[in-house]
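Pasting a predicted model and its sequence here:
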Amino acid sequence: MAHRKQAPYYTGSLLAGAVGDALGAPIEFMSLDQIRSAFGPNGLSDYAPAYGRKGSITDDTQMTLFTAEGLILSRVRAEYRSRKGVIDAGYHALLRWLYTQETGLQDHLVNQFGTCSIVDGVLTGYQELFSQRAPGNSCLSALRSGRMGRINDPVNNSKGCGAVMRMAPVGLIYTDAAEAFDTGCRLGAITRGHPTGYLTSGLFASMISLIIQGLSLTDAMDESLKFIKSKNGFEETLASLENALDLAVNPIKVDAAIQKIGEGWVAEEALGIAVFCALRAENNLERGLLMSVNHSGDSDSTGSITGNLLGALLGVDAIPDPWIKGLELKEVIEETARDLLAQAL
């Protein structure tokens, strides 16, 4: 199996994820009926204003970028170059994200974790990231707790989608799918203590890794599911993905199918909706993203995960150019993708 270590797929995955996030941002808390009332019978079809502009990213892309920065630093900073160091780097990166959301916590973070936790990397130099974009309470409370969540020492019992939606960089930097799965699980457990929360995170990271290696979406999912079946608590994730696969080949309408999967607020539903939409889209990224956000649920997260999958499959050229041009922090996202490619092993 030849590895497609090529820039268009790395950039495509991160950019399309951010585009899906931005499409879902203005409708995240709207029902499908409300979306259709506001945008017409077909729902939202383009960027709409959110957070003061069109093309705004949310906490999903913010946290994806910080996760990527932690992974990159784990390759270039000696103190992070170990199995444990990678997770520490990811944790410190999320603490820097927390600082952008709650600047009053700076003294606490510096005192508890050392100044390197705050000043490493470059993302805290972008004022645009110092903006609250509906961050999830579980992520905030886990990071505020002052201790790092671990699989064997959970910080909560959450299975919300706030971990899986930030895991694409793990799959992009690890070309070994088993390593991507393990790292994704451990990084997910920082804020998600329920097995469904962190196992779905690892599964998604592994899927991205295998897609980048040239596998189809279904083959990448089948291979990745082998990893979770050896873990305790995999049943919800497996059931959701099997349901998504069945619905993707069923003539059922898209909105009815998504309703059967869920609303995407929890990890297994978010990944299930993304897999369904990516398969139903039949290699049409624009169609897949619009399906993934037009529903009653966590539209920005399902849009982000769907974009990560389709961007890794189809590359950056599949993203409509106006969506790229109108995307907030486009250059930062592109630079992050290049850095992940440079550090991929």
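It's in.

residue ranges for the helices of the stretch 1-150 of the chain, please.
Secondary structure of the stretch 1-150 of the chain, counting by DSSP state H, counting those that start in this stretch: helices at 7-24, 32-39, 59-76, 83-101, 106-113, 116-119, 137-144.

Look up the closest residue to residue 228, ignoring the ones flanking it.
Nearest non-adjacent residue to residue 228, counting by C-beta to C-beta, 6 or more residues apart in numbering: residue 234, 4.1 Å away. In this view, the C-beta of every residue, glycine as well, is placed from N, C-alpha and C.

give me phi/psi at that neighbour?
phi -90, psi -10 (degrees, to the nearest 10).

doesn't residue 197 make contact with it?
No. Applying C-beta atoms under 8 Å, one finds residue 234 not in contact with residue 197, separated by 12.0 Å.

circling back to that earlier point, show me what contacts the residue nearest to residue 228?
195, 199, 228 (C-beta atoms under 8 Å, 6 or more residues apart in numbering).

Torsion angles phi and psi at the nearest residue to the first one once chain neighbours are set aside?
It refers to residue 195. Leaving aside its sequence neighbours, residue 195 sits nearest to residue 233 (C-beta to C-beta, 6+ apart; 2.8 Å). Dihedral pair for residue 233: phi 90, psi 30, per degrees, to the nearest 10.

isn't residue 233 right up against residue 193?
No. Taking contacts as C-beta under 8 Å, residue 233 lies outside contact range of residue 193: 10.9 Å.

Which of those two has more residues huddled nearby?
With neighbours defined as other C-beta atoms under 10 Å, residue 233 and residue 193 compare such that residue 193 has more, 21 against 14.

got any ranges where the stretch 51-200 of the chain has weak pLDDT?
By pLDDT under 70, the weakly predicted segments of the stretch 51-200 of the chain are 103-120.

picking up where we left off before, mutual contacts of residue 234 and residue 197, please.
Counting by C-beta under 8 Å, 6+ apart, nothing touches both residue 234 and residue 197.

Number of residues surrounding the closest residue to residue 315 other than its chain neighbours?
Once flanking residues are discounted, residue 315 sits nearest to residue 8: 3.8 Å by C-beta to C-beta, 6+ apart. As a burial measure, residue 8 scores 15 neighbours (other C-beta under 10 Å).

can you list the residues that contact stretch 135-151?
With contact meaning C-beta under 8 Å, 6+ apart, stretch 135-151 is reached by 59, 63, 87-88, 91, 94-95, 97-98, 101-102, 105, 112, 155-156, 158, 160, 162-163, 185-186, 189-193, 198.

quick one: the residue most central in space within the chain from residue 342, how far?
For the chain, residue 165 is the residue whose C-alpha lies nearest the centre (C-alpha atoms, centre = their mean; 2.4 Å). Shown here: residue 165 relative to residue 342, a distance of 24 Å by C-beta to C-beta, to the nearest Å.
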